[in-house]
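J.: I'd like to go over a predicted model; first the sequence, then the structure.
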Amino acid sequence: MKNQYINQITEDFNFSHSALFKHLTPSEVERISLDKTINTYKKGLCIYRQNSRITGCYIVLDGILKVYKTGIDGKEQIIRFAKPYDIIGFRSVLNGDLACTTAKTLEDSKLCYISQESLYYLVKNNGNFAFELLQLACRELGEANEYITDIAQKTVRERLAEVLVHLKQEFGIDKENILQILLTREELANIVGTATESVIRLLSEFKNDNLIEIEGRKIKILNFNGLIKVANLN
């Protein structure tokens, strides 16, 4: 694992900045602080792999990760992105199953690792923490159900427009209206659930319709309401 780290970070993780960990008591903060490990990972590295045994969860402190499943044909299906103060890997830790997804850094990222034992301790001893974690699991399940519905009922064009809407809402845009997440065409296709060629063609159509501008992996949002309309989100 050493070659995955840029360097080991020693500063503390401010638990009050996390909606999930803000309910911890001083003694629980002390316990987790002694147990946690914070490291910085280079871009493009796997934090854990699908079907592997993981012994703890990760809180993203800096950077962006993609969380995806790999099908029998080797094709990736991106489930979600993890950004600062998101937690990943907790469901596999809690239910004792092998990891159902792979998590990989999209950029240099700083992560806080919390062991299985500490996660169990918080769930068993802090009702507010357990409730927040349950709500998070329910939100993720709801998003998965929504995605299944979209795959069944929406066209690829509608799904791509919806992905762009969600990326703007989740990661924001800069002063030039450029999405603050850089994805390859293949990664966009792996979110939408289609071929890379289809995404390339549809992005060109969106550009011709003056919905977006494209420069490499940068996507500039020109008509957000237009994307909402295409996605049938009204």
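T.: Looks like it came in fine.
J.: make it CA atoms for all contacts and neighbour counts henceforth
T.: Will do.
J.: how many neighbouring residues does the closest residue to L233 other than its chain neighbours have?
T.: Leaving aside its sequence neighbours, L233 sits nearest to E162 (CA to CA, 6 or more residues apart in numbering; 7.7 Å). Residues lying near E162 (other CA atoms under 10 Å) number 22.
J.: which SSE is E162 in?
T.: Following DSSP states H and E, one finds E162 within helix 156-171.
J.: got the contact list for that helix?
T.: 150-151, 179-181, 188, 191-192, 194, 199, 202, 224, 227-228, 230-233 (CA atoms under 8 Å, 6 or more residues apart in numbering).
J.: only C-alpha atoms, please: export that helix in PDB.
T.: Only the C-alpha atoms of helix 156-171 are listed here, as PDB (Å, rounded to 0.1, in the frame of the first residue of the first chain):
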ATOM      1  CA  VAL A 156     -30.000   8.000 -23.400                       C
ATOM      2  CA  ARG A 157     -30.400  11.700 -24.300                       C
ATOM      3  CA  GLU A 158     -32.600  12.400 -21.300                       C
ATOM      4  CA  ARG A 159     -30.200  10.500 -19.000                       C
ATOM      5  CA  LEU A 160     -27.100  12.400 -20.100                       C
ATOM      6  CA  ALA A 161     -28.900  15.700 -19.600                       C
ATOM      7  CA  GLU A 162     -30.000  14.600 -16.200                       C
ATOM      8  CA  VAL A 163     -26.400  13.600 -15.300                       C
ATOM      9  CA  LEU A 164     -25.100  17.000 -16.300                       C
ATOM     10  CA  VAL A 165     -27.800  18.600 -14.200                       C
ATOM     11  CA  HIS A 166     -26.900  16.500 -11.200                       C
ATOM     12  CA  LEU A 167     -23.200  17.200 -11.700                       C
ATOM     13  CA  LYS A 168     -23.800  20.900 -11.700                       C
ATOM     14  CA  GLN A 169     -26.000  20.600  -8.500                       C
ATOM     15  CA  GLU A 170     -23.500  18.400  -6.700                       C
ATOM     16  CA  PHE A 171     -20.100  19.900  -7.700                       C
END
